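# 3D model of this:
(chains A, B, C and D)
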Number of protein chains: 4
Amino acid sequence: MVNTTGKCFSVTSFGSSHGKAIGAVIDGCPANLELSEEDIQKELNKRKPGTSNISTPRKESDHVQILSGIFKGKTDGTPLTGVVFNKDQHSQDYSKFKNTPRPGHGDYGWMCKYENYDYNGGGRGSGRITIGHVIGGAIAKKLLKEYGIEIIAHTKQIGNIKSREQNFNTIKKNIEKNAVRCGDLKAASKMEDLIISKKNENESIGGIVEIIANGVPAGIGEPAFGKLDGDLAKILMEIGSVKGVEIGKGFKVAEMTGSQNNDEYIIDKNKIKTTTNNAGGIIGGISNGMPIIIKTAVKPTPSISKTQTSVNLEKSENEEIIVKGRHDPCILPRITTVTESSVAIVIADHMIRSGFIPPNHL
Amino acid sequence: MVNTTGKCFSVTSFGSSHGKAIGAVIDGCPANLELSEEDIQKELNKRKPGTSNISTPRKESDHVQILSGIFKGKTDGTPLTGVVFNKDQHSQDYSKFKNTPRPGHGDYGWMCKYENYDYNGGGRGSGRITIGHVIGGAIAKKLLKEYGIEIIAHTKQIGNIKSREQNFNTIKKNIEKNAVRCGDLKAASKMEDLIISKKNENESIGGIVEIIANGVPAGIGEPAFGKLDGDLAKILMEIGSVKGVEIGKGFKVAEMTGSQNNDEYIIDKNKIKTTTNNAGGIIGGISNGMPIIIKTAVKPTPSISKTQTSVNLEKSENEEIIVKGRHDPCILPRITTVTESSVAIVIADHMIRSGFIPPNHL
Amino acid sequence: MVNTTGKCFSVTSFGSSHGKAIGAVIDGCPANLELSEEDIQKELNKRKPGTSNISTPRKESDHVQILSGIFKGKTDGTPLTGVVFNKDQHSQDYSKFKNTPRPGHGDYGWMCKYENYDYNGGGRGSGRITIGHVIGGAIAKKLLKEYGIEIIAHTKQIGNIKSREQNFNTIKKNIEKNAVRCGDLKAASKMEDLIISKKNENESIGGIVEIIANGVPAGIGEPAFGKLDGDLAKILMEIGSVKGVEIGKGFKVAEMTGSQNNDEYIIDKNKIKTTTNNAGGIIGGISNGMPIIIKTAVKPTPSISKTQTSVNLEKSENEEIIVKGRHDPCILPRITTVTESSVAIVIADHMIRSGFIPPNHL
Amino acid sequence: MVNTTGKCFSVTSFGSSHGKAIGAVIDGCPANLELSEEDIQKELNKRKPGTSNISTPRKESDHVQILSGIFKGKTDGTPLTGVVFNKDQHSQDYSKFKNTPRPGHGDYGWMCKYENYDYNGGGRGSGRITIGHVIGGAIAKKLLKEYGIEIIAHTKQIGNIKSREQNFNTIKKNIEKNAVRCGDLKAASKMEDLIISKKNENESIGGIVEIIANGVPAGIGEPAFGKLDGDLAKILMEIGSVKGVEIGKGFKVAEMTGSQNNDEYIIDKNKIKTTTNNAGGIIGGISNGMPIIIKTAVKPTPSISKTQTSVNLEKSENEEIIVKGRHDPCILPRITTVTESSVAIVIADHMIRSGFIPPNHL
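Numbering: from 1, shown residues only, chains lettered A, B, ... in the order given. Have a look, this model is predicted:
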């Protein structure tokens, strides 16, 4: 079940970049949630390529169909299946990588492991398979909304350009106003310029995505190997281009002292809060009622139109290659939705596991 | 099964800081591995407190007993159970925290979740429960050694003091020579001074641990939710004080371009290698045969002998507290073994899952 | 993951009787197995209704499409998805059961559990969802064949008509020659007559299916909760109409003594065998190299065209109902393939778990 | 995790017949359940040997200790560990079976699988390991009692002597009054005589255990591979000597027609019931609110003091053996508690999974 994530709310992902279809089966979503294809489509549209000049010019319609799990407009407690049939695929571009792994891509490990490796568009190693994440995440988000939980992801940094701190509502509003989905409009403009300059250099650039979950109650997450932060780190690190995950202050804790880092408790209008949120809403693996704050490091797109050295595995000799094709010079604008979806899946799972969202019964 | 980790090589952890015992059941270790209590004890001794002036003065003998799974000095394929009976516990120290969660500790979330919360020594939220990790990890390490895999963890940074880059063998040798388990002896000396100065200020300090796994073959790890980096991030983030996990370059990728970050392939003495190892040995969730390199951010010990504000949950009012007791001013020297164990558990699991280590059969 | 079965070779099933589609995602099938839609279709054809006068006259084309997991005619180690789009569904037949559960069907429990219950054709409680089992089983059977394992299921008894003992090859040949898939042609003819007479009485009739797996090596299955017989019993009992499962002598052991029941070991042509096979090839939860023999009790189809008493849940009053429609007077001929598939899934899973079939790696 | 059963309420079993200890870790039991060692001990006493003349004369004190999971007399939501240290073991009896598998025992498959097989007392293949089941079951039963669910197991048949039908309360009362734990006192007396006569013949005898669960609400169990009857069949078939499992009418359905087998619904004092309970309380994999009724076929104890043929695997030649030792001539009296425990574990798990028993949270 390695293509399945989640214990009570689970997502089983399938499909490859240039195969017939990509999709996901979602199991454990409680019955009686209103759900339509449109709910999923609007999330898929956010990760869809070809929507701006900083994204790949590939057009992928990515139209989702729900094959199961809905009765009279509502979930009926049985597995939900969402499928996107592949269309605008150009498999001829990839045959030259059949025996020559592209640097920065998973090709080599996959070739070693499976021998029969679908090299077209990266096969199942392609970022395109995160369509399954977004299908699952769209359902999770709809479910969580009923319980007052809202999750947003925004581009926090691209290259050396950093977004200034903004509050939740500002970020939520601003990310819809710019192509990089940055919460700070000034930084967004500079980020766009940087991406275009890198594109013109046949280069790509990395960045940082921040995800914030508001409204999560204190008490979700379980010791010692079912911790909320553990499950979040796992699902985010499993996104192809993510190389780091931080909760709250993250790596900054290395230089902090106990009194600087500890969040003190106070009563504020009969609610218990912490004065700071260095812990990012999770402590001892369990939520404490404060906003959950996560950062992920996203690497530069490995597909670049520059000559790189690789090895032809058939001939057992070094070979120079150029990865042509229509690639994103920066994947962050599109990956934000994937991280948002991933976090939603984990939180939905833990909300059910901890009894805050009742599972199916009388 | 939230206290269980691993699919084929699994560890089920139990026990609490001041309860009768702490231990772990290890399931799926192949039969015919020579194993003694001494193999586990020597790893436990590394995380044992009270061994130097930079650690807590608490003496905990932490003597392990194997209750099951060994026949004639070898594993017999049945579950291995290791137990440490608790001894030097001072439960009277903790009753004042019964209703008042300690800042920086998991108390508040645990109180919310379980109501009947064992506040003595942090109960099951205590760092002491990582004894279970080390029992599991000691067995995993012994098993992996048979397959040429070696894992070491070392203190990379404490506060603003950073270890210089060292090669694997130097690190391996040096960590046994200093109390902080740092691979760079000069840095180690400064780190010790910093820890002692923080201790004298009634403070604590954070840092960074790096874990290196050598000898892992290309081809372990599975798409899309069974990825090797995902499982590593999860188990490390589940260690109480860890707030960030990086693979390879980690957060540095944010400022890198594609051509800077991509690792190029070459043939070197008939073996395929990458010229750089920015990916940290894992790409697309699957190992590529290069050393696996991981960093974790460890927060400063939350128990500090300073006045802090908290809330008395019974009285519903703010309350000042001081967390006295015998605490580590810096947890890194002892946590290195826990991270090493955690990584070993995940790699042993994936080695079996990918068929490199055969499971039990004729 | 309640719609998923299997640990290393796993099947995730989705869909409902009258929804858009029914299918399954198969995860963990090793790469490099030749596989086509035809391999699955020929198994589906065996469970397809409308093929003889003893089956429902409903015509269901049940044409399978593979959406993922195949590259160049072979599995590539990624999830295989098989889908059958529903066609010949008459949903108007079922609206009268919206609030009135049909006796012998799962309706009532499902209504209690999910509230929003798809009553059309029994929704996901329909026998039609075993299409997912057959998709998974067809792949498992193809895989097992490569390792010399063959599984057949045959109708052992219908009503009081019992098949005489036959050897494996005779059964294999005979089941293709009669509509009830019975291994004894004489009994088959009587069974057909009985089924038709029950059909004419607006009745249905139960029976017993026997499944035999030949070629399974000694040493698959795991203690104490991963036993081979346990997993077989589970997957078979999960087929809608199955009410009993026996391994080997089954319930006959109640009246046997130790010396009658124990299978003695002998060496036969350098191979270790047992003189009898009362254990049905599994002892202590682990295969012993003898043929695996299982029986399942299949209840009479609950849909009968007779007046039955039920309760209108909306009106809270008793209500008489007749379940019209085109139903099988005896489900055994079609269920044999489902039991065969189910057993194949479990054995494939355990062959991988025990290392007899290598998982994906270099 | 093959020695673990259950998804939300899970039991991890460890230990072997003649090793240091046998025990279980129970994960997922909600906090705040009053629980003492005595609660577990009284269940263990029921399966303890040496309590009557129809059982083995071996005396095993089987004293349980709880190592973790209790705080102030109540569960605290963390893993519960129960351990019994082995005592009255005579390992010298077994060395002659080192290379010669005992007929009817799991020895041969285990030897094939693990090579390093603990042959003393059957190692982990021994019935003694069901101590772990009983520890888990005792906790499950205590938990279920709080929710009005009561489970009893009784000896329904031994050899050809059958217990007459009795109601739940009579069975519950009578099983405490006779050594075979039969619900019918007249039959019990005949059963005891039969067992003693078989013992005098150096033989053993099989039988049938029936388990009844009262008070289970409608709506527990999940499609399609998380069905309640599937999980019950699995856990019962995993008990060493069980060779068959039936729910409700079981194998009798083979000869029944639809109108004979279907249970009709009626309203009785504002509650929905069925007029008959042929389904045994589970239909479509989900409980329907009627009593759950299960039967298991238990084979005659394989250890008999008669000469049997086996194979010396080292010498590769046939060898006659006699299994001396102090064995139960009939295991049913002691196994009833194990079946009761197993059913309790599954029902507790599904009660939590279906939300009838809330998991741990605020």
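
# and the stretch 51-200 of chain A, which residues reach chain D?
Residues of the stretch 51-200 of chain A lying close to chain D (C-beta under 8 Å from any C-beta of the partner chain) are residue A:78. For every residue, glycine as well, the C-beta is placed using N, CA and C.

# out of everything not next to it in sequence, what's closest to residue A:78?
Using C-beta to C-beta, 6 or more residues apart in numbering or on different chains and skipping the chain neighbours, the partner closest in space to residue A:78 is residue C:124 (4.2 Å).

# what number of residues lie near the one you found?
Neighbours of residue C:124 under the rule other C-beta atoms under 10 Å in any protein chain shown: 30.

# my guess is it meets residue D:284, correct?
No. Residue C:124 lies out of contact with residue D:284 (C-beta atoms under 8 Å); the separation is 9.2 Å.

# which neighbours do these two share?
By C-beta atoms under 8 Å, 6 or more residues apart in numbering or on different chains, residue C:124 and residue D:284 have these common neighbours: C:110, D:223.

# Quick one: mean pLDDT over stretch A:56-67.
What stretch A:56-67 shows for mean pLDDT is 85.

# What residues sit buried inside that stretch?
Buried positions in stretch A:56-67, judged by neighbour count with 16 or more other C-beta atoms under 10 Å in any protein chain shown: A:56, A:58, A:60, A:62, A:64, A:65, A:66, A:67.

# Closest one of the residues you listed to chain C?
Distance to chain C across those (C-beta to the nearest C-beta) is lowest for residue A:67, with 4.3 Å.

# Packing partners of the host helix or strand of the closest one?
Assigned by DSSP states H and E, residue A:67 belongs to strand A:64-68. Counting contacts by 3 or more C-beta pairs under 8 Å, 6 or more residues apart in numbering or on different chains; DSSP states H and E, strand A:64-68 packs against helix A:37-47, strand A:80-85, strand C:10-15, strand C:21-27.

# Contacts made by the helix or strand following it with the rest, please.
Proceeding N to C from strand A:64-68, the next assigned helix or strand is strand A:70-71, under DSSP H and E. The contact list for strand A:70-71 (C-beta under 8 Å, 6+ apart) reads A:35, A:36, A:76, A:80, C:19, C:116, C:117, C:118, C:123.

# burial of the residue nearest to the third one when sequence neighbours are not counted, as a residue count?
This points to residue A:76. Closest residue to residue A:76 apart from its sequence neighbours, by C-beta to C-beta, 6+ apart: residue C:116 at 4.7 Å. Burial measure for residue C:116: 20 neighbouring residues, criterion other C-beta under 10 Å.

# got it, and residue A:314?
A count of neighbours around residue A:314, defined by other C-beta under 10 Å, yields 9.

# Same question for residue A:117.
Neighbours of residue A:117 (other C-beta under 10 Å): 27.

# tell me which of the buried residues of stretch A:56-67 is nearest to chain B?
residue A:56 (13.9 Å).

# Show the residue spans covered by the strands in the stretch 101-250 of chain A.
For the stretch 101-250 of chain A, the strands defined by DSSP state E, counting those that start in this stretch occupy A:150-158, A:161-162, A:207-214, A:242-247.

# Against which helices or strands is the shortest one packed?
So that's strand A:161-162. Identification of packing neighbours for strand A:161-162 by 3+ C-beta pairs under 8 Å, 6+ apart yields helix A:185-200.

# again with the third one
Using 3+ C-beta pairs under 8 Å, 6+ apart as the contact criterion, the secondary-structure elements in contact with strand A:207-214 are strand A:150-158, helix A:168-174, strand A:292-298, helix A:332-353.

# cool, and the last one?
Secondary-structure packing of strand A:242-247 (3+ C-beta pairs under 8 Å, 6+ apart): helix A:228-237, strand A:292-298, helix B:228-237, strand B:242-247.
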